[in-house]
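Student: Structure of the sequence below:
(one chain, ligands or ions: 2)
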Amino acid sequence: MTSSLDRPPGSPVPRRRVDYESELNPQQLEVVLHPGGPMLVLAGAGTGKTRTLVYRVCRLVEDGVPPDRILLLTFTNKAAREMLDRVEALVERGARRVMGGTFHSAGHRILRRYATLVGYTPRFSILDREDAVELMGAALAQVSPDLPRRRLPRGRLLVDLYSFVINTGRSLDEVLAERAPQYLDQSELIASVFRAYLERKRAADLMDFDDLLLNWLLLLRRHPEVRQELATRFAHVLVDEYQDTNRLQADIVDSMLGPERNLMVVGDDAQSIYAFRGADFSNILGFPERHPDCTVFRLETNYRSTPQILELANASIVHNERQFHKELRPVRGDGDPPGNVSVPTPEAQASWVAGRILELRDEGLDLEEMAVLYRNHAHSLELQVELTRRNIPFRVRSGLRFFEQRHVKDVLAHLRFVDNPKDEVAFVRMARLRRGIGERLAARLWTRIAGAEPLRTLLALDPATVELSRSARSSLTGLQTLLDELASPRLTGQPGEAIRRVVEVFYAAWAREQLDNAGSRLEDLEQLALYAGGYPDVNTFLAEITLLNELSGEDVAGGPPDEMLTLSTIHQAKGLEWRAVFVIWLAEGRFPTVRAEDLEEERRLFHVAATRAAEYLYLVHPEMARDRYRVDVLLDPSRFLLELPPHVAEAIVVPPELESGALPALETGGRYDLPDFLSPGTDDEGSDDPVN
Ligand code: ATP
Ligand code: MG
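Tutor: Ligands and ions are numbered 1, 2, ... in the order given. Below is the predicted model of the structure:
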């Protein structure tokens, strides 16, 4: 391991248009100009790790590395797009040809090309989590039709366990012992459920998110010629947020390297917050062991936060035993002390936060420069109501993702099935919407159809032999006509029209009869059709949207207000920054959560939250909350507040009176509407972690 430079910074480099010396500090510049080989940048929050990556990509492109030979792996696809837009603006040289995105999206693009080598067709479909749970449920029923259900984990837990095994490379027994010890004695049976799940996926030409990584690695391991090809194709691999990679991802990256082994990873062990999903920060701490010739760089100047905010963030993280000490020098001048805010109730919390946001706005901050962060998605509900009452526009980064809403999935199931007639999940979903067809009949139909007896043939048979009721039969005839139409080249080439057709012919009437909020759901579907209209064909559209994990309703429903406040789980706020940050629900049992198995990870999460703030940081805790039996219970302040030395934050106590009285509201044109998922009855299964 060395930290010297082959070429000292500042030595003349011919005709680069970006002025690296003035855009970067000497430590950052050293990273950007470093010739290559394995490189590790281990540095604290806000020190410019992401910025350094961007400038390194610029530098490589300027020095003649063809953009399509660079692979940039990031935490979200959006982050990659923003970074590459920046590169494009700086160098104006085909930076869009850089392959950038999450591990999953890169895996997807690579596997499309080599699918047959791992036992799939190039047109394989992607299963999202909800569909994976359903398919796992079917595998479970197949393996143990008569075992009492309570003795086995359900679909969702099985998918979690499976995913954990795949992503960490650990044995099933080990994972069970740690995460679901009550099922340890069932491990053999669980293994056979997993095998059945695997076979079903393969038979249906479906990959789940984990397969996008696993098959990528298998491809590299089992096909040396492909490995060679990819290693030559990608001359430089760069990874942001490396502390949250799992074992599988680290292995993939290591296997992608060419003879020069140009791999740059950046990260901060103090911000590792995905261990619960299999991330392993020993990837970053162990990087020098895996790459003994690597160069390690440190960045020690924090550009983001005021000294007061940094002091608080650091005073918290020192309570972790497993941590790697880092020096951080603030460049910003003094700011306000962070606020440690006690409010009587969750409603008062919402009211105080909204009020303070309006004050800050009067002081000159734009809503875009403010965010409210929380541990769990559900913690934002009172605030959403309050913001709506006060006419303050906001976006929810952690909301139920647009494409995971029931009505969207129902309609897309039709397109999916036409696109891939082996897709069992899509067929069952679609069939069950029809009159006269329930879960069991749908499953029975599938066994006939999957046995190569097309629906049409089935319908032509004598009603008595297929045992269909009159209503089921007429439903299926209608379905068949719709499917025929969807399969016509006119509609497979126009995904927007295909969606409209499903809605017109069937879904609009069905939704009005069966679902609440049918009006707004149908509006969503029209927005979806508009959006889909931008894709050349149904297959491309379906592949893209399955991977678009951050797309929320607002992105699709055009015409958002000019400025919006951001609401986000802390997990989703990684890597981002705002001038003012509010962290709410800082009460024991909420943050840290009751079920926090790993307190150090919770504390890192707190550290991530605090380090998102540039100038204003408010840590808010309600003193009381109503439980589900409508009883008021006292809440203890979060230990993350109690363990802070008193001088790092200013105590603000909000009296109960603040709850009532006339509320200041944002003066703008029209009133901001209640978001759909807040309206009663919409099924909302939003999770607090992104599938990246
Ligand atoms: P995190 O750990 O939170 O991901 P990071 O280390 O990636 O943070 P960046 O997001 O790259 O940090 O940078 C933090 C802020 O500091 C950004 O606004 C960035 O533009 C700014 N910054 C970083 N380096 C410099 C510099 N040399 N000059 C001016 N601004 C800088
Ligand atoms: Mg960053």
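Student: Distance check, the closest residue to ligand 1 within the stretch 301-450 of the chain against residue 177.
Tutor: Nearest residue of the stretch 301-450 of the chain to ligand 1 (Cβ to the nearest ligand atom) works out as residue 303 at 3.2 Å. All C-beta spots, glycine's among them, are computed from the backbone N, C-alpha and C. Using Cβ to Cβ, to the nearest Å, residue 303 is found at 44 Å from residue 177.
Student: what about dumping the CA coordinates of stretch 289-304 to PDB?
Tutor: Provided in PDB are the C-alpha atoms of stretch 289-304 (Å, rounded to 0.1, in the frame of the first residue of the first chain):
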ATOM      1  CA  GLU A 289      -6.100  -6.800   2.300                       C
ATOM      2  CA  ARG A 290      -7.900  -7.800  -0.900                       C
ATOM      3  CA  HIS A 291      -5.800  -5.400  -3.000                       C
ATOM      4  CA  PRO A 292      -2.400  -5.200  -1.300                       C
ATOM      5  CA  ASP A 293      -1.100  -2.900  -4.000                       C
ATOM      6  CA  CYS A 294      -3.900  -0.400  -3.500                       C
ATOM      7  CA  THR A 295      -3.400   3.300  -2.800                       C
ATOM      8  CA  VAL A 296      -5.300   4.700   0.100                       C
ATOM      9  CA  PHE A 297      -6.400   8.300   0.100                       C
ATOM     10  CA  ARG A 298      -8.000  10.400   2.800                       C
ATOM     11  CA  LEU A 299     -10.100  13.500   2.500                       C
ATOM     12  CA  GLU A 300     -10.200  15.600   5.600                       C
ATOM     13  CA  THR A 301     -11.900  18.800   4.800                       C
ATOM     14  CA  ASN A 302     -15.600  19.000   5.200                       C
ATOM     15  CA  TYR A 303     -17.300  21.400   2.800                       C
ATOM     16  CA  ARG A 304     -20.900  20.700   3.700                       C
END
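Student: Buried residues, that stretch. List them.
Tutor: 291, 294, 295, 297, 299, 301, 302, 303, 304 (16 or more other Cβ atoms under 10 Å).
Student: Distance from the chain centre to it, please.
Tutor: Chain-centre distance of stretch 289-304: 26 Å, with Cα atoms, centre = their mean, to the nearest Å.
Student: Contacts for that stretch, please.
Tutor: Applying Cβ atoms under 8 Å, 6 or more residues apart in numbering, the contact partners of stretch 289-304 are 1-3, 25, 27-28, 30-31, 34, 37-49, 52, 250, 254, 261, 263, 287-288, 310, 326-332, 577, 611, 614.
Student: swap the cut-off to 7 Å and go again
Tutor: Stretch 289-304 is contacted by residues 1-3, 25, 27-28, 30-31, 34, 37-49, 254, 287-288, 310, 327-331, 577, 614 when judged by Cβ atoms under 7 Å, 6 or more residues apart in numbering.
Student: got a pLDDT number for residue 686?
Tutor: Per-residue pLDDT puts residue 686 at 32.
Student: How confident is the prediction for residue 572, by pLDDT?
Tutor: Reported pLDDT for residue 572: 90.
Student: swap in the one 4 residues further on?
Tutor: On pLDDT, residue 576 comes in at 95.
Student: ok but it is inside a strand, no?
Tutor: No - Residue 576: not assigned to a strand; according to DSSP: H, G, I helix; E, B strand; the rest coil it is coil.
Student: Kindly provide the distance from the nearest residue to it once chain neighbours are set aside to ligand 2.
Tutor: Nearest non-adjacent residue to residue 576, counting by Cβ to Cβ, 6 or more residues apart in numbering: residue 612, 6.1 Å away. Remark: distance between residue 612 and ligand 2 (Cβ to the ion, to the nearest Å) = 11 Å.
Student: show me what contacts residue 612?
Tutor: Counted by Cβ under 7 Å, 6+ apart, residue 612 has contacts 371, 373, 573, 576, 577, 578, 581.
Student: Out of those, flag the one nearest to residue 470.
Tutor: residue 573 (54.7 Å; Cβ to Cβ).
Student: shouldn't the closest one be in contact with residue 373?
Tutor: Yes - counting by Cβ atoms under 7 Å, residue 573 touches residue 373, with 5.5 Å between them.
Student: and the residue of the stretch 151-300 of the chain found nearest ligand 2, how many residues sit next to it?
Tutor: Across the stretch 151-300 of the chain, the shortest distance to ligand 2 (Cβ to the ion) belongs to residue 240, at 6.0 Å. Neighbourhood size, residue 240 [other Cβ atoms under 10 Å]: 26.
Student: repeat for the one 4 residues further on
Tutor: Around residue 244 there are 25 other residues, counting by other Cβ under 10 Å.
Student: returning to what we had before: could you report the pLDDT at the residue nearest to residue 576?
Tutor: 98.
Student: if I look at it, how far off is residue 566?
Tutor: Taking Cβ to Cβ, one finds residue 612 at 10 Å from residue 566.
Student: Same check on residue 608?
Tutor: 15 Å.
Student: do residue 543 as well
Tutor: Taken as Cβ to Cβ, the span from residue 543 to residue 566 is 29 Å.
Student: Also residue 55?
Tutor: For residue 55 relative to residue 566 (Cβ to Cβ), the value is 26 Å.
Student: So if I had to pick from those two, which one is more boxed in?
Tutor: residue 55 (23 against 20).
Student: Can you tell me the closest non-neighbouring residue to residue 41?
Tutor: Residue 41 sits nearest to residue 266 (Cβ to Cβ, 6+ apart), 4.1 Å away.
Student: Buried ones from the contacts of stretch 289-304, can you make that a PyMOL selection?
Tutor: Of these, the buried ones can be selected in PyMOL as follows, counting by 16+ other Cβ under 10 Å:
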select buried, resi 25+27+28+30+31+34+37+38+39+40+41+42+43+44+45+46+47+48+49+254+287+288+310+328+330+577+614
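Student: residues in contact with the residue of the stretch 551-692 of the chain found nearest ligand 2?
Tutor: Nearest to ligand 2 in the stretch 551-692 of the chain, going by Cβ to the ion, is residue 575, at a distance of 4.2 Å. Taking Cβ under 7 Å, 6+ apart, we find residue 575 in contact with 50, 75, 79, 241.
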